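Novice: Pasted the sequence and its predicted model underneath.
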Amino acid sequence: FPASFGNLANLNRLTIDRNNLTGTVPIEFWNLSDLQLIIIHENPNLNWSIGTGIGSMSNLTNFRAFESGLNGTIPTQIGLATSLTELDLSGNEITGSIPAELENLTNLNFLSLGANQLTGPIPPEIATLPNLLTFNVRENDLNGVMPDAIWQIPGIQQIQVDYNEKLQVNLPSNLSSLTQLTILGISGTEPITGPFPTEFYSLTNLSVLDVGGHYFTGSLDPAIENLDNLTGLWLFGNNLSGDFPDISGLTNLVAGSIAGNDFISFPDISGLPSIDNFDIRFNQLDFDDIIPNTSINQLIYAPQNRRAPQDLVVDEGGSITSQSGYSASENVYSWVRNQTDTLAGAENFSINNASVDDLGGYYAIVTNPSAPELTINSQFFNLAFTGAPRSWSVDNSPGSVADFKSFYAATYGTNDGDTLYVMGSKTPYKLG
């Protein structure tokens, strides 16, 4: 950074963004009281901080310094630069707290302090900025409660407080009426929990809905397709279940994630004209949900969650069929019994003339050549005999005549109320 710039007493516009500047900004620079624009963003090799002299820059309207090697704190004197309309200090290494003196910047419409190392609470004074449109403090270490009044700033369009894991966010009671919102980012804050808020479906101007990690429950309504301006849909890390609805009407969608939920189906979105990447891992999807979408540039689909176990009973000498629950074309199946025995490969596994040797835990290993990164392990099927409680014995020593040869089979092949006698054995038992 040229040290001589600090001597340019009549300088009113400085635009030196997207260069490879190094060094620091001289203290004299902050005496340039005629400056109206400081555009210095994307110079990551600089090493500088904001001087207290910024308080003398009463004509400064735009201070754009994102990704420019800024460090230190935000001086309280910034509240004297009352002409500011844009303040973008994101993507730096700024520490300390957000100064309450920002409340004096009544012309401010764009405030971006994201991706720094800011700590402490969000000052309630922020909510008094009457012209604020964008509020971005994402990816910091803020705590406390986001002031509820921020939701009620008359023209607020973008609220991004995501990835402040100690920050509590309370959704307002009039959320459905805040239809001017274009970006809503609350992922990675303290979990809100409870049913998925249906008020989100009314925010039809949203381009980004980022609400991951809140353990929201329930299912998604087809009304999600009302949000036809969405470019990003981030629902990861919740407890949503059921069928994921059709979103073929979201023609602006570029990216999203539903990873870490319990959806049992997912539509074909490969035809969306702008779709580039989507994460559907850690759900309960079959290959017929995944394969139609593999043409998406970056589809992340492995692994998938195991479905809930199912207890089955059969009469001694009777018959039963275990259904894998996965039926996509070209699926390849291999069944496993009691963690050790590999059985015939088919979508469903049948047992005829059931005996004690058939009891225990079963699951299917399912693969498909069209989605080679994924191997699905089906739910466990725990098979026991019907009838009144019984007494059983287990002994895995050679030549034993016990009912079960492994403790695993005995555990999953008996019913509640049965009595299980474990016989002596030199071979250690291993719980499955």
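Specialist: Yep, that arrived.
Novice: Tell me the predicted confidence for Pro428.
Specialist: The predicted structure scores Pro428 at 52 on the pLDDT scale.
Novice: swap that for Ser4, please
Specialist: With respect to pLDDT, Ser4 has a value of 76.
Novice: just the strands in the stretch 151-300 of the chain please.
Specialist: The residue ranges that make up the strands of the stretch 151-300 of the chain, judged by DSSP state E, counting those that start in this stretch, are 158-160, 166-168, 183-185, 208-210, 217-218, 232-234, 239-243, 255-257, 262-265, 277-279, 298-300.
Novice: Quick check: can you name the pairing partners of the third one and their directions?
Specialist: In other words, strand 183-185. strand 158-160 (parallel), strand 208-210 (parallel) (DSSP bridges).
Novice: Just tell me which of the strands of the stretch 151-300 of the chain ends up closest to Tyr326.
Specialist: If you check each of the strands of the stretch 151-300 of the chain against Tyr326 by C-beta to C-beta, strand 262-265 wins as the nearest, at 11.0 Å. C-beta here means a position set from N, CA and C on the backbone, and glycine is covered the same way.
Novice: So which of the strands paired with strand 183-185 is nearest Ala371?
Specialist: Across the strands paired with strand 183-185, the minimum distance to Ala371, taken as C-beta to C-beta, is reached by strand 208-210, at 27.4 Å.
Novice: show me where pLDDT drops low in the protein?
Specialist: Under the criterion pLDDT under 70, the flagged ranges of the chain are 424-432.
Novice: what's Glu101 in contact with, if anything?
Specialist: Shown in contact with Glu101 (C-beta atoms under 8 Å, 6 or more residues apart in numbering): Thr76, Gln77, Ile78, Gly79, Leu80, Glu125.
Novice: one more time with 7 Å, if that's ok
Specialist: The contact partners of Glu101, taken as C-beta atoms under 7 Å, 6 or more residues apart in numbering, are Thr76, Ile78, Gly79.
Novice: again with Asp286
Specialist: With contact taken as C-beta under 7 Å, 6+ apart, Asp286 is in contact with Tyr326, Ser327, Ala328.
Novice: Just among the contacts of Glu101, which is most surrounded?
Specialist: Ile78 (23 neighbours; other C-beta atoms under 10 Å).
Novice: what about Val313, neighbour count?
Specialist: By the other C-beta under 10 Å criterion, the neighbourhood of Val313 contains 15 residues.
Novice: By residue count, which strand of this structure is the longest?
Specialist: Counting by DSSP state E, the longest strand found in the chain is strand 360-367.
Novice: Strand partners (parallel or antiparallel) of it?
Specialist: strand 332-337 (antiparallel), strand 376-377 (antiparallel), strand 381-385 (antiparallel).
Novice: Turn the ones you listed into TSV, columns for mean neighbour count.
Specialist: Listed next are the strands paired with strand 360-367 as TSV, based on neighbours: other C-beta atoms under 10 Å:
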stretch	mean neighbour count
strand 332-337	18
strand 376-377	22
strand 381-385	21
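Novice: Among the ones you listed, which comes closest to Gly218?
Specialist: For the strands paired with strand 360-367, the distance to Gly218 is smallest for strand 376-377, at 24.9 Å, taking C-beta to C-beta.
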